[in-house]
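Engineer: Predicted model follows, preceded by the sequence.
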Amino acid sequence: MDPHGKTTKYFAYVRKSSEGKERQALSIPAQKNKLTEVFADLDIEFVEDKASAFHPYNRPAFTKMLERIRKGERQGLLAWHPDRLSRNEVDASSITYMLREGIIKDLKLATYHFENNSPEGIWMLQLALSQSQYESAKKGRDVKRGLVQKAQMGVLPAPAPLGYKNEMYMTKGMKTITPDPERFGLVRKMFDLMLTGNYSPPRIQQIAADEWKLRGTYGTPICRSSIYNIFTNTFYYGEFEYPKGSGNWHKGIHKAMINREEFERIQELLGRPSPQRSKTHDFPYRGPIRCGECGAMVTAEEKTKRLADGTVQHYIYYHCTKRKYPNCTQKSLEEGEVEKQIATELGKLEIKEDFRDWAIARLREMHKLEVVDRERVYGNQRREYESCVKKLDNLIDMRANSEIDEVEFRGRKVALLKEKDRMQEFLKDTDKRIENWLGIAERGINFAEKARRVFATGSLEVKKEIFTTLGSNFSLKDGKLHLSLDILLFAVKNLDQNAERVMTMLEPKKSFATTAQNDPERSLRAHWLRDLDSNQDKRLQRPLSYH
């Protein structure tokens, strides 16, 4: 009930992600059941989404729900856990901003407790939402790293092209691509026809589909576009580019269907140039950066210049690919200048070691209190699960003693097994959530303390890791590198501007200042929590993998 005596009405938001079943959190029915059980005395309207929360503007039901809250149709919000509400900064900032401004009067979570209307409580919510995004981003990064490693081993991390098949039953991580005994020879005959110069691709497609009865992976006749894809795919002569468009070429370990000369001959017959191979130099900052004018990717190239004394100088320049807008006016920027600007951004984050120790100590105290709340929830769920198991045991005893017949036994057994599975899902989810979010915050602070010094002396690989960890939305415009800092690093940056004053406050005072005036923790909240609570619509968090 609000201060005016009106009953608060709640939206109960439930979401099922797009991940595989084995990685699912609680299903939508289980979330609804639990929320109804925990908040039985509240006026609830359920809102359901089945889209991923990792990217913003991807959930129409969620967006419409927030609009209805702004209109005052309902004032409160319920969810199973923070990660059901958001896994990205844009949606997370919308929720925390509406909560701080009182647009959302009350927010309740079934497995997570925080103080709704205090700066500390909103900060804790921000950290929980940050952890959810971190987990998703880390999974995505780990998958991408695994795919790149697989490509470096010579195995295309993608569905096999026609004529080959993916070995599905090999050990995970060891799966390869092998010739398809049913189609390999027929696809080779298509190349042979093309190499004669007497057949056009449409004619070859007609022969393969009508006379040879060649079918694609899903049993459908191959179409004209498939023929052109086959004849221009470098995989067939033993090499492939991964990721597509990256310029990173790999030598495949699969059996080649044709040789390089045959492939290039076919490209001549098609009137197409042979794909250009990438240079061997490693460009650490190519990939995440986009052009600030036209939005195209920024690429890099190495140039050499022979000086008057006969020596040769090598330069690396980053510039817009101009694929989206050929008349883009942006000029190139030398790699040394890019690194100088990155070092400048890192320098804005540096904090003193003694202040770091004090801030982390305070975070640890808060973490201990939060763990107690989560353990209490876990204990309650464990007791419910054990009660369900006991009911199953009693049911079996009743059937053994002929107290109930077979029909009643089966019916009650099915219901209890469903309840047992549901409670088991609760336990798994809560157990997973009793994780050390403190580690995420510590990595952010440690990163700020050390990253600049390590970047100055690190290898290309280390520099790239620090660069990608720094933030997101990298763009290059008018010779300036722009980026959106990671959510934790953004707070650390503004915290650093006040660290000197806070550290002074930690020292013994000779004056008779009041407690409120001489409270360093209050100053920490005033400057750090304010930034964590702010509306960070353009800051997309990345995983803090730097140590």
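Structural biologist: Nice, thanks for sending it over. Numbers count the residues shown, from 1 in each chain.

Engineer: ranges for the helices of the stretch 1-150 of the chain?
Structural biologist: Per DSSP state H, counting those that start in this stretch, the stretch 1-150 of the chain carries helices over the ranges 28-38, 60-70, 82-85, 89-100, 119-152.

Engineer: which residues does the nearest residue to Met65 once chain neighbours are set aside contact?
Structural biologist: Spatial nearest neighbour of Met65, chain neighbours left out: Val47 (4.7 Å); criterion: CB to CB, 6 or more residues apart in numbering. In this view, the C-beta of every residue, glycine as well, is placed from N, C-alpha and C. Residues near Val47 by CB atoms under 8 Å, 6 or more residues apart in numbering: Phe11, Ala12, Tyr13, Val14, Ala61, Phe62, Lys64, Met65.

Engineer: Put together a markdown table for those residues, with pLDDT, distance to Phe447 and neighbour count on each row.
Structural biologist: As requested, these are exported to a markdown table (pLDDT from 0 to 100; distance: CB to CB, whole Å; neighbours: other CB atoms under 10 Å):
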| residue | pLDDT | distance to Phe447 | neighbour count |
| --- | --- | --- | --- |
| Phe11 | 92 | 37 | 21 |
| Ala12 | 91 | 37 | 23 |
| Tyr13 | 89 | 32 | 25 |
| Val14 | 88 | 35 | 23 |
| Ala61 | 89 | 36 | 14 |
| Phe62 | 89 | 31 | 24 |
| Lys64 | 91 | 38 | 11 |
| Met65 | 91 | 35 | 19 |
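
Engineer: From Gly146, how far off is Asn166?
Structural biologist: Using CB to CB, to the nearest Å, we find Asn166 at a distance of 15 Å from Gly146.

Engineer: and these two? which has more neighbours close in?
Structural biologist: Asn166 (16 against 12; other CB atoms under 10 Å).

Engineer: hey, what's the more buried one bridged with?
Structural biologist: Ile177 (DSSP bridges).

Engineer: my guess is it meets Pro157, correct?
Structural biologist: No: the pair Asn166 / Pro157 is not scored as a contact, 10.1 Å apart, by CB atoms under 8 Å.

Engineer: What residues does Ala209 make contact with?
Structural biologist: Contacts of Ala209 (CB under 8 Å, 6+ apart): Pro221, Ile222.

Engineer: Against Ser225, how distant is it?
Structural biologist: For Ala209, the distance to Ser225 - CB to CB - is 13 Å.

Engineer: hang on, the earlier thing: now the weakest link among the helices of the stretch 1-150 of the chain, please, by mean pLDDT.
Structural biologist: Of all the helices of the stretch 1-150 of the chain, helix 119-152 carries the lowest average pLDDT, namely a mean of 72.

Engineer: which residue ranges form the helices in the stretch 301-450 of the chain?
Structural biologist: Going by DSSP H, counting those that start in this stretch, the stretch 301-450 of the chain shows helices at 335-347, 353-400, 406-433, 438-457.

Engineer: Quick one: closest of those helices to Lys105.
Structural biologist: helix 353-400 (21.8 Å; CB to CB).

Engineer: what helices or strands is the closest one leaning on?
Structural biologist: helix 119-152, helix 406-433, helix 438-457, helix 487-506, helix 520-524 (3 or more CB pairs under 8 Å, 6 or more residues apart in numbering; DSSP states H and E).

Engineer: what is the mean pLDDT for the shortest one?
Structural biologist: Yep, that's helix 520-524 we're talking about. pLDDT averaged over helix 520-524 gives 48.

Engineer: before we move on, back to that, I'd like the contacts of Val47 laid out as CSV, including distance to Met153.
Structural biologist: Shown next, in CSV, are these (distance: CB to CB, whole Å):
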residue, distance to Met153
Phe11, 48
Ala12, 47
Tyr13, 43
Val14, 41
Ala61, 42
Phe62, 40
Lys64, 46
Met65, 46
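
Engineer: and which of these is nearest to Val298?
Structural biologist: The nearest one, if we look at the contacts of Val47 relative to Val298 and count by CB to CB, is Phe62, at 32.7 Å.

Engineer: got the buried residues for stretch 395-405?
Structural biologist: Leu395, Arg399 (16 or more other CB atoms under 10 Å).

Engineer: do you know which of the helices of the stretch 1-150 of the chain lies nearest Asn401?
Structural biologist: Nearest of the helices of the stretch 1-150 of the chain (CB to CB): helix 28-38, 31.5 Å.

Engineer: got the contact list for the closest one?
Structural biologist: By CB under 8 Å, 6+ apart, helix 28-38 touches 12, 14-16, 26, 44, 46, 48, 50, 78-80, 84, 110, 422, 425-426.
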